[in-house]
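Sequence and predicted structure are below.
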Amino acid sequence: PLATLKELPSRNRRAFLELAGPVWSTARRSQRPLAAMMVDIDFFKAINDTHGHAMGDRVLEAVSHLLAEVCRSGDITARWGGEEFAILLPESSAAQAAQLAERLRVKIANLRLGSPRKPIRLSASFGIAERSGEHESLDHLIHDADEWLYRAKESGRNRVAGPLVVQPAG
């Protein structure tokens, strides 16, 4: 049986921030690379409306498990809210984060949920930001990743957007 939402490997926003704070401080103090990624399941409301909230929960579970499976053990993943997830990537540049996001984008598109008569086609949009001197706080870095996520969605969804990275759907 599938895990319930309470048993998901992905943390909530509060747990994410508790774990991410020390990682942010270390990266900033040591001038180490750090990237943030925001992930949003495209057209999630339509999934709930068409297939029901139980199926919406299964989609969230499947994406959460996929993130936990693909990300490194030192990465911090969390369900940020609704159908949005946050990932903090220590020792990662925006380019490395974009490569991971593209792998995740393809894997999410390849998830097979629903039934043969009523399949669910999933896609996700990704926003990437890399820590720089302009970021006064972790919140600012996450906000930048969220801005890039908005741009990915605005330019057609099912894509990765970030500094120097705007990819068409593959």
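Good, I have the coordinates. As the structure is a computational prediction, the values presented were derived from the model and not from experiment. Numbers count the residues shown, from 1 in each chain.

quick one: the strands in the protein?
34-41, 76-81, 84-90, 113-114, 119-120, 124-130, 160-162, 165-166 (DSSP state E).

Any stretches of the protein with poor pLDDT?
For the chain, the stretches with pLDDT under 70 are 1-10, 165-170.

any idea how far the residue positioned nearest the centre of it is from His65?
For the chain, the residue sitting closest to the mean C-alpha position, by CA atoms, centre = their mean, is Val39 at 2.8 Å. Per CB to CB, to the nearest Å, Val39 is found 13 Å from His65. To be clear about C-beta, it is placed using only N, CA and C from the backbone, and glycine gets the same treatment.

Against Gln96, how distant is the residue lying farthest from the centre of the chain?
In the chain, Arg117 marks the outermost C-alpha relative to the chain mean, sitting 28.9 Å out by CA atoms, centre = their mean. Arg117 sits at a distance of 40 Å from Gln96 (criterion: CB to CB).

repeat for Gly81
25 Å.

Name the residue in the two with the higher neighbour count.
Gln96 (15 against 10; other CB atoms under 10 Å).

pretty sure the more buried one contacts Pro90?
No - with contact defined as CB atoms under 8 Å, Gln96 does not reach Pro90; the gap is 10.9 Å.

Identify the contacts common to these two.
Residues touching both Gln96 and Pro90 (CB atoms under 8 Å, 6 or more residues apart in numbering): Pro33.

Would you check how far apart the spatially closest residue to Glu134 that is not a sequence neighbour and Val39 are?
Leaving aside its sequence neighbours, Glu134 sits nearest to His140 (CB to CB, 6 or more residues apart in numbering; 7.8 Å). Per CB to CB, His140 is found 19 Å from Val39.
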